[in-house]
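Visitor: My questions are about this predicted structure, shown below with the sequence.
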Amino acid sequence: MKITARTLSGEICDVQVEGHFFKKISSRKGDILDLPWIAPGLIDIQINGFGGIDFNRPLESDEAWHYATKQLYAHGCTGFLLTLITNEEDKYGRFLAELTGRINLDPRNCLGFHLEGPWLNPDPAYRGAHNPEWMKKPSLRQLQEWQAITGPLLKLITLAPEVDLEAAVEVIRAGVKKGIKFFIGHSAAMGSILQKAVAAGASGWTHLGNAAPATMPKFENVILHALAQPDLMASLIPDGLHLPPHAFRVLARLLNQANPSRLLLTTDAMAGAAADEGRAYTLGEVQVKIGADGSARLPATDGSGEGRLAGSTLTPFQGVFLAERMAGIYLEDAWKAFSTRPAALLNFQHGLVEGNSADFCLLSPTKTPYLLATYHRGKCVYEAP
């Protein structure tokens, strides 16, 4: 298969795919009108559910798995981390075992697991939509049990090191030796606690600016402390709801201006993403209401009429263009933060490079944003009607 297309940097190239891989990519001089744009497939490191399917509840059938992953393909996503949130310990183990078997048998575009919980801060200001009753201190024993179940599929763990710093440092060091990445999140970690977690091997912050107090001290707050760590990446959710546009613009531009860039983009999608409107959805054990603005929220408990955010209904393809617009950065930069950079975090080669897996998107040259097709391992897995 040979495709002539324009990269996001504007370069025209001939792309030859043989089998699962890019065989040859060569530049072409001149100008050709109406060429599709070509870009690496999107990689989302935080997917709780998609297309009406909740990954934090037992999957009803193989068809449910196929449908959710197919919908991710239809939104440009050639790789994602299935994310499990805080749950009861026995259920957590059962979900991991069931999903590990499914992924090993039929991985499709799933790259492995992101465990967001149960090692989080139970304080109401930091816990987000997670149930504090099921939160625990980091445990080397529990890490080893998870590894025994998942093998190499365990890719990323989000934790709050201040819950037990000594234990957190121990599990981070042990996990990093096994190739697991650790992000800080749902956390009040600042100062020396944050520095010790980073020194142990923590490399990022999960959805920076969220799962944090609504009001914080002017200087002593988790956002500034995270930004002040020069090597700490951070994921942002570009839906305009988790972070208002002005806050997203500031954070995204600051992270992206670092050399190398520290910006990662994620949807934190839950079952309501790319799903029918007007239905009730779940995130694990809780019911989630989808608002007219697309927000996913828990039922309100304080009489305000608006509950805590519980994931998002954002899709990866929507998200990369919203990030470009809100942050005022080049589309190429936003795309990298949603594709090649998370791939590099997960230690696999990704991008329009000879020898890499042929995972890519074709975009319309006339309608923006419009996804023409998604290719995974050299095969067309989605084509616009």
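Guide: Yep, that arrived.
Visitor: use CA for all of it now, contacts and neighbours both
Guide: Fine.
Visitor: Can you classify residue 98 as helix, strand or coil?
Guide: helix (DSSP: H, G, I helix; E, B strand; the rest coil).
Visitor: all strands of the stretch 101-250 of the chain, in order?
Guide: Ranges of strands in the stretch 101-250 of the chain, per DSSP state E, counting those that start in this stretch, are 110-116, 154-159, 181-184, 204-205, 233-236.
Visitor: what comes into contact with the last one?
Guide: What it means is strand 233-236. Among residues not part of strand 233-236, those counted as contacts by CA atoms under 8 Å, 6 or more residues apart in numbering are 203-209, 248, 252, 255, 262-266.
Visitor: can you redo the strands of the stretch 101-250 of the chain as TSV with mean pLDDT, distance to residue 288 and mean neighbour count?
Guide: Conversion of the strands of the stretch 101-250 of the chain to TSV gives the following (pLDDT from 0 to 100; distance: least, CA to CA, whole Å; neighbours: other CA atoms under 10 Å):
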stretch	mean pLDDT	distance to residue 288	mean neighbour count
strand 110-116	98	18	24
strand 154-159	98	22	25
strand 181-184	98	25	26
strand 204-205	98	25	24
strand 233-236	98	21	25
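Visitor: Let me have these in JSON lines, extended by distance to residue 276.
Guide: Compiled in JSON lines, those are given as follows (distance: least, CA to CA, whole Å):
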{"stretch": "strand 110-116", "distance to residue 276": "23"}
{"stretch": "strand 154-159", "distance to residue 276": "30"}
{"stretch": "strand 181-184", "distance to residue 276": "32"}
{"stretch": "strand 204-205", "distance to residue 276": "31"}
{"stretch": "strand 233-236", "distance to residue 276": "25"}
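Visitor: Which of the contacts of strand 233-236 fall within helices?
Guide: With helices defined by DSSP state H, the entries of the contacts of strand 233-236 inside them are 248, 252, 255.
Visitor: Return the member of these nearest to residue 54.
Guide: Taking CA to CA as the measure, residue 54 lies nearest residue 248 of the ones in helices among the contacts of strand 233-236, at 27.1 Å.
Visitor: tell me the pLDDT at that closest one?
Guide: Reading off the per-residue confidence, residue 248 sits at a pLDDT of 98.
Visitor: isn't it right next to residue 327, touching?
Guide: Yes. Proximity of residue 248 to residue 327 meets the contact threshold set by CA atoms under 8 Å, at 6.5 Å.
Visitor: what about the helices in this structure?
Guide: Taking DSSP H to define them, one finds helices in the chain at 62-73, 89-105, 140-150, 165-177, 191-200, 222-228, 245-257, 316-327, 331-337, 340-345.
Visitor: how far away is residue 297 from residue 128?
Guide: 10 Å (CA to CA, to the nearest Å).
Visitor: Compute the inter-axis angle for the longest strand belonging to the chain and strand 154-159.
Guide: Of all the segments assigned as strand in the chain under DSSP state E, the longest by residue count is strand 77-85. Using axes from the mean of the first three to the mean of the last three CA atoms, to 10 degrees, one finds that strand 77-85 and strand 154-159 are set 50 degrees apart in direction.
Visitor: so what does strand 77-85 touch, helix or strand wise?
Guide: strand 42-47, strand 110-116, strand 371-376 (3 or more CA pairs under 8 Å, 6 or more residues apart in numbering; DSSP states H and E).
Visitor: rerun at 6 Å
Guide: Strand 77-85 is packed against strand 42-47, strand 110-116, with contacts defined by 3 or more CA pairs under 6 Å, 6 or more residues apart in numbering; DSSP states H and E.
Visitor: Pipe those into a markdown table and attach distance to residue 308 per row.
Guide: Shown next, in a markdown table, are those (distance: least, CA to CA, whole Å):
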| stretch | distance to residue 308 |
| --- | --- |
| strand 42-47 | 18 |
| strand 110-116 | 17 |
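Visitor: Can you tell me the strand partners of the longest strand of the chain and which way each runs?
Guide: Pairing partners of strand 77-85, with direction, according to DSSP bridges: strand 42-47 (parallel), strand 110-116 (parallel).
Visitor: From the chain's centroid, how far away is the longest one?
Guide: The gap between where strand 110-116 is centred and where its chain is centred comes out at 9 Å by CA atoms, centre = their mean, to the nearest Å.
Visitor: wait, isn't residue 382 in contact with residue 74?
Guide: Yes. Using CA atoms under 6 Å, residue 382 and residue 74 qualify as a contacting pair, with a distance of 5.5 Å.
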